[in-house]
Structures are given as structure tokens and as C-alpha cells.
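> Any chance you could fold what I've pasted below:
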Amino acid sequence: MGGALMALHRHLLRQLHRMNLDETRPPSAEVWRSFLDSLNSVYETWDRDRGMVENAFNLATAEMEELNAKLAEERDKFANIFRSVDVGMAIASPEGRIWETNPALERMLNLQPHEIAGKLLTDFIDPYEGKPCCQDTLLALASAKLATKKFRHRLRRQQGEPLIADIQIAGVVDGQGHAKMMVFIIEDVTELTRLEVELRHSQKLESVGRLAAGIAHEINTPIQFVGDNVNFLSSVFEQLLALCNTYHELCAKAAQEPLSEEDTARLKQQEEDADLNYIWETVPNSITATLDGVERVARIVQSMKAFAYPDRGEKTSADINTALRNTLTVATNELKYVATVETDFGDIPPISCYLSDLNQVFLNLLINAAHAIGDVVGRSGRRGTIKVRTYLENDKVVIAISDTGTGIPPEVQARVFEPFFTTKPVGKGTG
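I've put the predicted structure just below:
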């Protein structure tokens, strides 16, 4: 408004200057008419501009009110979603300190809002897990070097057992890329994890079931020669027992009277029938073979037990070399007809792992290797080679399994980690 008045003032001055007013002679009617017309034109222009400004202001005000209403509606909608969703949610500062939580997270942790506010997410992670793997991610999010990340952690609760949770962390940045806040989405997957463990155990038993005939054959072979050796030892024992009875009888007789030639001949005949030299040579070998057979059966059973034993859903310290030996034992019957297995187990430390899952992976790799070699050698009688190697590289344990089979076709290599993908027909493979 002040600008318009100044413009009007400047216009009046210019018009008065043009009128060349003379103090001795008043302006003519024509001059006054021109001046008034000019003044009227200025007023009309100013009034039109004022109206346009007023309309624009009213329109902007209406739009602002509409935007504020929509913003309030969206804010209420977000607040309702935040409060009512079944998954836990929290809003935190750029440094990760929690500002606000929703009821689902409070129920999950069995804590009140004021007991959570101001704390870091890492304060609720079970110390059993050591350094939380999300700690470095929180720092990366705070510096806006990362947008979002997902983890699985065990969280402590105020009461009750710890829970297993999937945690998704997202960083919110401004237009300049500076971190403004963090959003935590926390889902309780304790029951899901338990079901996954049961499913993996079922799949493992299914794998053992597929190999059951071969395992039975591997057990039956030593059992057969154990049985043969035991039958042989039983017959030898009967012969030696009869010979011992004769010795006992003749010793008792010799204490009362001299033995006759008939007694001596009978004893000698029994010794010849028993073939004592053969017994002295054969029985030790037979006992050794029997013990070896029993040990072999025990080793197979122990390997099956170690392979199929259900895990607790937690990482444990495990000897990978022993795990590979057990898996090779379980898969022996599948491998021995098509391949020679070469092992090179290095001096490696125990590692923290989900051993049950690794056993399943090892079995799958070995059976797939046997099938791949079988596709190459067919019924030719030739045998391929499966190499199993472990070694330490840059403080990391490396497990390398290779075979002389067909290899993975280039067109399916990108899908090898795709769940349930297989190139095998129904009923073949490891599932």
C-alpha cells in the first residue's frame, strides 16, 4: 500500500510540473480536465492492482489453510498408524536416542514410554550377542552415509525370555542431505524363527531319509563281517572248550594213574581237529576285524546323530573339519560309486556358526557334486573326483568343495541362491 501511495505522489508532482502553473493566472479548464483525467487513470490502475493483490492474498490464504488442513489430516493419519500397527516403531534423534515409541514396541519390551525414551537401541540388545552389528550402521545413518538397513537381533525384555526381532533402521535427511531423525521398525520374529528351525530340522531329516538306503548298506556291510567273525569265534570257542574239558579230564586221571597211549592219542586227535596253529593265527585278526566293524558302525551312527541333531537356533562354537567328516560319512554311499573323495583339512580354529545349517549345506553340495559327476561318467564305470578342502585365509576359515562334474550352466548361475530353484527332476536332489 505504501508503494502505491508513493507512486501516486510522484505522478501528481509530474503532472503539476507539466501544467506550468503561473501565480498571476489560474490554469485553464482544459488543463484541469487533463490533470483530473490523469489522476483518475492513476486511481483506476492503483485500484485494479490493489484488487489483484487482494485476490492473490485471499487465494494464497485459502490454499495455505487447505494445506494446513491436509497436513493435519496426514499427521493424524500417521499418528493413528504409528499407534495402531502390530510391529514396534520408534522415532529417534540423528544420534539414535529414542524420542517416541508406539504401544506395540512398549508391549514387546514390557516397558513404559518413559523407560525407553532417551535410550539407544543398542541398550536393549541382549549382551549375549556381543557388539551389536547394527552399531556401525547407526553411525553411518547418523552421518547420512546410509539410507536404510535391516538386522536380526535378540532383544532383552523387562520380564520374560529375550525375543528375536527383525530391526529395520531408516535415516530421514533434509534437502541438504543432513540427518534429521531415525525411524526404527521392530518386528517380533521369535515364533517365526522357531518354526524356521523346525522346518530346517525336518528338511535335514528328509535328506537323511533319502539317504537311508545307502546308510543302511554302509551299516550292513560291517555288521555282516562282524557277524561272520562272531560266528567263527563262537565255533572256535566250542572247539577250545571241548579241548579244555579233555585236558581237565586227563589231568585229573594223571593225578591217580599214568595216562595210557589211548588217552594220549585221543588228546592229540582233538588238538589236530581244532587246528590250534590256525586258531592262533586267525583269532587275533578276527577279533581286530570285529572291533573295527563295531567302530565303523559306531562312527556312522555318531555321524548321523551329529548331522541330524536339531540345533537350538543359536550360534555355537563348532569344529568345521569334524562336521565335514561326519557329513562325508553320512553321504558315503551316494559318493563312492561315482567319485573318489580327496580331503585336505587344514589347521583351522573352531568358528561360531549355525552348525546344523552348515551340515545341511555341506550335504547338499556333496550330493549335487555326485549327481553332476554321475551325469558326466554315466554307466561307463569311470569315477570323478570330489575335493574337500579347509584352510585359514586372512583370519577367516575357508571351505572349498569342488568336483569334476558338469558345472553350473551360465544361464542359471544367477539363480543358484534363489529359494526352491532347481534344475533336477521331481524326486531327485536334496530339496
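
> Please make it C-alpha for all contacts and neighbour counts, starting now.
Noted.

> What residue spans form the domains of this protein?
Annotated domains of the chain cover 8-75, 82-188, 190-310, 314-431 [automatic domain parsing].

> Please produce a markdown table containing those, extended by mean pLDDT.
A markdown table is the format used below for the domains of the chain (pLDDT from 0 to 100):
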| stretch | mean pLDDT |
| --- | --- |
| domain 8-75 | 68 |
| domain 82-188 | 77 |
| domain 190-310 | 79 |
| domain 314-431 | 83 |
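
> ok, and which of those has the densest surroundings?
domain 82-188 (a mean of 17; mean count of other C-alpha atoms under 10 Å).

> Pull up the distance across it, start to finish.
With C-alpha to C-alpha, to the nearest Å as the measure, the first residue of domain 82-188 is 16 Å from its last.

> mind checking how far Leu363 is from Arg97?
From Leu363 to Arg97 the distance is 45 Å (C-alpha to C-alpha).

> Likewise for Ile373?
57 Å.

> can you check Phe57 too?
In terms of C-alpha to C-alpha, Phe57 sits 42 Å off from Arg97.

> can you check Gln360 too?
Distance from Gln360 to Arg97, by C-alpha to C-alpha: 41 Å.

> With Gly293 instead?
From Gly293 over to Arg97 (counting by C-alpha to C-alpha), the distance is 64 Å.

> what ranges do the helices span in this structure?
Per DSSP state H, the chain carries helices over the ranges 2-18, 29-84, 103-109, 113-116, 135-142, 190-210, 212-254, 261-274, 276-308, 320-330, 332-335, 355-377.

> which residues sit against the third one?
The one in question is helix 103-109. 83-90, 112-113, 156-158, 186, 188 (C-alpha atoms under 8 Å, 6 or more residues apart in numbering).

> hmm, try it at 7 Å
Residues outside helix 103-109 that contact it (C-alpha atoms under 7 Å, 6 or more residues apart in numbering) are 83, 86-89, 112-113, 157-158.

> Including distance to Glu206, could the residues you listed go into JSON lines?
Listed next are the contacts of helix 103-109 as JSON lines, based on distance: C-alpha to C-alpha, whole Å:
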{"residue": "Arg83", "distance to Glu206": "44"}
{"residue": "Asp86", "distance to Glu206": "35"}
{"residue": "Val87", "distance to Glu206": "34"}
{"residue": "Gly88", "distance to Glu206": "37"}
{"residue": "Met89", "distance to Glu206": "39"}
{"residue": "Gln112", "distance to Glu206": "46"}
{"residue": "Pro113", "distance to Glu206": "47"}
{"residue": "Arg157", "distance to Glu206": "36"}
{"residue": "Gln158", "distance to Glu206": "40"}
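
> so which of those residues comes closest to Arg415?
Lowest distance from Arg415 to the contacts of helix 103-109 (C-alpha to C-alpha) belongs to Val87, with 31.9 Å.

> Phi, psi for that closest one please.
Torsion angles at Val87 (phi, psi; degrees, to the nearest 10) stand at phi -90, psi 150.

> ok, the closest residue to it other than its chain neighbours - contacts?
Nearest residue to Val87 in three dimensions, chain neighbours excluded: Glu187, at 5.1 Å (C-alpha to C-alpha, 6 or more residues apart in numbering). Counting by C-alpha under 7 Å, 6+ apart, Glu187 touches 87-88, 165-167.

> do the same with Ile373
338, 384, 404-406.

> what's the answer for Asp319, then?
Contacts of Asp319 (C-alpha under 7 Å, 6+ apart): 350-351.

> next one: phi and psi at it?
According to degrees, to the nearest 10, Asp319 has phi -90, psi 110.

> closest to His248 among the contacts of helix 103-109?
Nearest member of the contacts of helix 103-109 to His248, counting by C-alpha to C-alpha, is Arg157, at 79.0 Å.
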